[in-house]
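Trainee: requesting a structural model of the entry that follows:
(chains A and B)
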Number of protein chains: 2
Amino acid sequence: MNTQTPQPMTHLPTQSYESLFSASIEQINQALERALDKRAYDTSSQANGLWEAMRYGTLDGGKRIRSILALEACKACGGDIESILPTACAIEMVHAQSLIHDDLPCMDNDDMRRGKPSVHKAFGESTAVLAGDALIALAFGLIAKETQLRGKATPQHLLSVIGDFSDVTSVQGLVNGQFVDILYEGQPFTPDILEYIHTFKTGALFRFSLRAGAKLAGADAIVVDRFTQLGEKLGLAFQIVDDLLDIDSTTETLGKTAGKDQLQEKATYPAFFGVEASRQQVEQLSQDALALLEETAGMPPGYDSTNLKTLVAFIANRLH
Amino acid sequence: MNTQTPQPMTHLPTQSYESLFSASIEQINQALERALDKRAYDTSSQANGLWEAMRYGTLDGGKRIRSILALEACKACGGDIESILPTACAIEMVHAQSLIHDDLPCMDNDDMRRGKPSVHKAFGESTAVLAGDALIALAFGLIAKETQLRGKATPQHLLSVIGDFSDVTSVQGLVNGQFVDILYEGQPFTPDILEYIHTFKTGALFRFSLRAGAKLAGADAIVVDRFTQLGEKLGLAFQIVDDLLDIDSTTETLGKTAGKDQLQEKATYPAFFGVEASRQQVEQLSQDALALLEETAGMPPGYDSTNLKTLVAFIANRLH
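Mentor: Numbering: from 1, shown residues only, chains lettered A, B, ... in the order given. Down below sits the predicted model:
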């Protein structure tokens, strides 16, 4: 862990995340709406309940940070939005799927999600399992069928993105992280286990988002590698900020006396390393991310990292 | 329904299915063993239990009829085994996944599968859900990463196979079929609903197996279409034979008095159409399948449908 006090972060823009990226969020939401429109598929009214559950769990979905990162990574490397939009939607679909299955009674048993009943509460358990299964498979199909290859991007790039997507959605990503998370439920954590869960459960999809954006812009291997590292930095920063926000909420809710024991039971970054060191780590990760973006300057033709720099600031500054 | 008495079926070979296709079954089982060897992935010992569940549900798996059909379709069209083997494994992985999730308490609630405890009984429900999720995603990665393209097969053929695989494993296949099956649990069936469930739950993967085999051999569109129809015929024949076998078992177990009411409650093909008409339908489907194989003679270079004809006979004659 880096304990050196980093330089102050890039200043936040005066506009909010939602207003700066509203056009992109709208593009993603519209593309998801099309991808989950049953009229586009050879299916029958018998399966209407399945479609409703898939749409319910996916369409009404928050900030879309992962897919926005994919879009902006592709654009930063000179790529076209049509090259990355299906992959961006696929990312949101497997993110939604992971929440639907994680909420099941046999998993984390959460009845509420984003302020409304979770999918199994609204549609039943069997439909929640099947809706999740269908979302995984549909996500892969969307990437394979809808991606428009432009410029230097080839079918091999696309196959490689599908291979990466398989890794992060299975044993080298989401599923692995959730498995270990459940394995340690009620057990004593170590920092290693915490990092393992974060790396697989949250980090993998961030890593994929940035990497896929660069690949589908047809970027060279060195740029793809830098963007992969960028995704790792941002995924970890996002998760530590989440932990810090969680503590703030807990402290507010339970009052000062809950304090440190409460933190340690939660097995978060601040619980292990302290709030200040965790904040410093977020700052350091942000600096590393900005440095990676600077190092890439001029490498892909038409490179413009303005929006990605803003996103680094937004991810780091959710805590301020 | 065709009621004309068809010509007698192709005679069964004197050898059994298992002995005739033992080399291919062994190739598939070895390839599955490699695909589910955790040492090939960037994972840790923390996830060992997840890997064990995935292997338990997949590796010890029956006749491998779907993947054998894919292999033989590819070979019949002059393709190479390395072109189809990863897809053949992917087919077995999603077939296993569908059984793992269908057996869950919130679905068909089956404690036993292939004479041993089902995955959720052996490893717990949350692991069964996650093992299934991982198998779907791994299957797509296997096709994208491991397929060797030979001859006329291109990356576009491969992307098209991945798109088809998405369809049959989600809303136009397995998941849709299982959803409607559960929807009608304890409800009165109609022949239309029965056909719908069969087409999606069983037929789709047979259809995909034959179609993918032809595509990855680089076969022309007309051949791919014929093999797609062939898959539809064989999928339906396989399911009707399954229904007929089920009746025979039921009759044996429960005695004559259980008779017709028992059949109707089961909502099978013979329950709606009678045993004899169902047998005739299997014969007709087999004749149609053989005709499709004949029509294709000479179209792909090196075409040899001997093994596929034998497979048609095996599928039809499980009832004799």
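Trainee: quick one: pLDDT of residue A:263?
Mentor: pLDDT, residue A:263: 42.
Trainee: equivalent analysis for residue A:301, please.
Mentor: Residue A:301 is assigned 89 on the pLDDT scale.
Trainee: tell me how many other residues crowd it.
Mentor: 12 (other C-beta atoms under 10 Å in any protein chain shown). C-beta coordinates here come from the backbone N, C-alpha and C atoms, glycine included.
Trainee: name the SS class of it, please.
Mentor: Three-state assignment for residue A:301 (DSSP: H, G, I helix; E, B strand; the rest coil): coil.
Trainee: then residue A:66?
Mentor: helix.
Trainee: just checking, it touches residue A:96?
Mentor: No. The criterion here is C-beta atoms under 8 Å, and residue A:66 misses it with residue A:96 at 10.8 Å.
Trainee: of the two, who's got more company?
Mentor: Neighbours were counted for residue A:66 and for residue A:96 using other C-beta under 10 Å; residue A:96 has more, 27 against 24.
Trainee: phi, psi of that one?
Mentor: phi -60, psi -40 (degrees, to the nearest 10).
Trainee: residue A:113 too?
Mentor: Reported as degrees, to the nearest 10, the phi and psi values for residue A:113 are phi -150, psi 120.
Trainee: for it, list each beta-bridge partner.
Mentor: With DSSP bridges applied, the residues forming beta bridges to residue A:113 are residue A:116.
Trainee: now it: how far from residue A:98?
Mentor: The gap separating residue A:113 from residue A:98 is 12 Å, by C-beta to C-beta, to the nearest Å.
Trainee: least confident secondary structure element in chain A?
Mentor: Among the helical and strand segments of chain A, the one scoring lowest on mean pLDDT, DSSP states H and E is helix A:259-266, with a mean of 47.
Trainee: quick one, helices of the stretch 201-320 of chain A?
Mentor: Taking DSSP state H, counting those that start in this stretch as the criterion, the stretch 201-320 of chain A contains helices spanning A:204-216, A:221-254, A:259-266, A:269-273, A:275-295, A:306-317.
Trainee: highest mean neighbour count out of those?
Mentor: Compared across the helices of the stretch 201-320 of chain A, helix A:204-216 shows the largest average neighbour count, a mean of 29 (mean count of other C-beta atoms under 10 Å in any protein chain shown).
Trainee: and the most centrally placed residue in chain A, what does it touch?
Mentor: Centre of chain A computed as the mean C-alpha position; nearest residue by C-alpha atoms, centre = their mean is residue A:66, 3.8 Å away. Each residue near residue A:66 by C-beta atoms under 8 Å, 6 or more residues apart in numbering or on different chains is listed here: A:91, A:92, A:95, A:205, A:206, A:209.
Trainee: return the member of those residues nearest to chain B.
Mentor: Nearest to chain B among the contacts of residue A:66, counting by C-beta to the nearest C-beta, is residue A:205 at 12.2 Å.
Trainee: need the contact list for the closest one.
Mentor: So residue A:205 contacts A:66, A:91, A:94, A:95, A:168, A:173, A:174, A:235 (C-beta under 8 Å, 6+ apart).
Trainee: again, only using 10 Å
Mentor: Contacts here follow C-beta atoms under 10 Å, 6 or more residues apart in numbering or on different chains; on that basis residue A:205 touches A:66-67, A:69-70, A:91-92, A:94-95, A:98, A:165, A:168-169, A:173-174, A:177, A:231, A:235.
Trainee: which of the residues you listed are buried?
Mentor: Neighbour counting with 16 or more other C-beta atoms under 10 Å in any protein chain shown marks A:66-67, A:69-70, A:91-92, A:94-95, A:98, A:165, A:168-169, A:173-174, A:177, A:231, A:235 as buried within those.
Trainee: identify the residue spatially nearest to residue A:317, adjacent ones excluded.
Mentor: residue A:12 (5.1 Å; C-beta to C-beta, 6 or more residues apart in numbering or on different chains).
Trainee: returning to that earlier point: least reliable of the helices of the stretch 201-320 of chain A going by mean pLDDT?
Mentor: helix A:259-266 (a mean of 47).
Trainee: quick one: the closest residue to chain B within the stretch 201-320 of chain A from residue B:139, how far?
Mentor: With distances taken as C-beta to the nearest C-beta, the stretch 201-320 of chain A approaches chain B most closely at residue A:204, which sits 10.4 Å away. From residue A:204 over to residue B:139 the distance is 18 Å, taken as C-beta to C-beta.
Trainee: is the helix or strand containing residue A:95 in proximity to chain B?
Mentor: Applying DSSP states H and E as the criterion places residue A:95 in helix A:81-102. Yes. For a cut-off given as C-beta under 10 Å from any C-beta of the partner chain, helix A:81-102 has contacts with chain B, namely A:94, A:97, A:98, A:101, A:102.
Trainee: how about the last one, what does it touch?
Mentor: Spelled out, it's residue A:102. By C-beta under 10 Å, 6+ apart, residue A:102 lies in contact with A:108-110, A:113, A:118, A:132, A:174, A:178, A:181-182, A:201, B:126, B:129-130.
Trainee: equivalent analysis for the third one, please.
Mentor: By C-beta under 10 Å, 6+ apart, the contact list for residue A:98 reads A:132, A:135, A:136, A:169, A:173, A:174, A:175, A:177, A:178, A:201, A:205, B:133.
Trainee: adding secondary structure and distance to residue A:272, write those out as JSON lines.
Mentor: Putting the contacts of residue A:98 into JSON lines (DSSP: H, G, I helix; E, B strand; the rest coil; distance: C-beta to C-beta, whole Å) gives the following:
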{"residue": "A:132", "secondary structure": "helix", "distance to residue A:272": "32"}
{"residue": "A:135", "secondary structure": "helix", "distance to residue A:272": "34"}
{"residue": "A:136", "secondary structure": "helix", "distance to residue A:272": "33"}
{"residue": "A:169", "secondary structure": "helix", "distance to residue A:272": "28"}
{"residue": "A:173", "secondary structure": "coil", "distance to residue A:272": "23"}
{"residue": "A:174", "secondary structure": "helix", "distance to residue A:272": "23"}
{"residue": "A:175", "secondary structure": "helix", "distance to residue A:272": "25"}
{"residue": "A:177", "secondary structure": "helix", "distance to residue A:272": "18"}
{"residue": "A:178", "secondary structure": "helix", "distance to residue A:272": "21"}
{"residue": "A:201", "secondary structure": "helix", "distance to residue A:272": "17"}
{"residue": "A:205", "secondary structure": "helix", "distance to residue A:272": "23"}
{"residue": "B:133", "secondary structure": "helix", "distance to residue A:272": "29"}
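Trainee: I'd like those laid out as TSV, including distance to residue B:61.
Mentor: Converted to TSV, the contacts of residue A:98 look like this (distance: C-beta to C-beta, whole Å):
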residue	distance to residue B:61
A:132	23
A:135	25
A:136	21
A:169	23
A:173	26
A:174	25
A:175	21
A:177	28
A:178	25
A:201	30
A:205	31
B:133	19
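Trainee: can you tell me which of these lies nearest to residue A:159?
Mentor: Among those, residue A:169 lies closest to residue A:159 (C-beta to C-beta), at 15.8 Å.
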